[in-house]
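Undergrad: predicted model and sequence follow; I will ask about them next.
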Amino acid sequence: MHGGQIQAAGPSETMALPFGDASGPRDSRALAILAKTIYRELRSSGFEARDVVALAGELLGQVTSEVRLKSEVRRDAPAQLVGASPRDP
């Protein structure tokens with residue numbers, strides 16, 4: 001993604017996203033618009049409702065893995081600073 005657009009199915013089509021590249025908190029309305037846009041694009045491209053649900057599950061799995069990894073890094077960081085193994089009693 002670059003400049004608030006992603007490449008769509010066709011080689012010259014782009015889909016405008018409801019926010020730019022800025023990091024930070026997002027407007028919940030923008031995320032709702034993005035979700036609706038993605039849903040409509042998937043359905044109009046021939047994906048079934050069950051495919052959209054499977055995609056949502058995959059996205060949740062990706063977020064869960066990232067949160068878990070960050071949590072482990074934070075938990076292990078103090079032990080690494082003093083040179084101890086994070087699992088030592």
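TA: The structure has been received and is ready for your questions.
Undergrad: buried stuff in the helix or strand encompassing residue 70?
TA: Element membership for residue 70 (DSSP states H and E) is helix 49-81. When burial is assessed from 16 or more other C-beta atoms under 10 Å, helix 49-81 yields no buried residues. Just so you know, the C-beta spots here come from the backbone N, C-alpha and C atoms, and that holds for glycine as well.
Undergrad: show me what that helix is packed up against.
TA: The elements that helix 49-81 packs onto, with contact taken as 3 or more C-beta pairs under 8 Å, 6 or more residues apart in numbering; DSSP states H and E, are helix 28-44.
Undergrad: domain ranges for the chain, per the record?
TA: If you go by automatic domain parsing, the domain ranges for the chain are 1-18+26-47, 48-84.
Undergrad: pick out the shakiest of the ones you listed, pLDDT-wise.
TA: Mean pLDDT across the domains of the chain is lowest at domain 1-18+26-47; the value there is a mean of 73.
Undergrad: what is the orientation angle of the helix holding residue 70 with helix 28-44?
TA: Relative orientation of helix 49-81 versus helix 28-44 (axes from the mean of the first three to the mean of the last three C-alpha atoms, to 10 degrees): 130 degrees.
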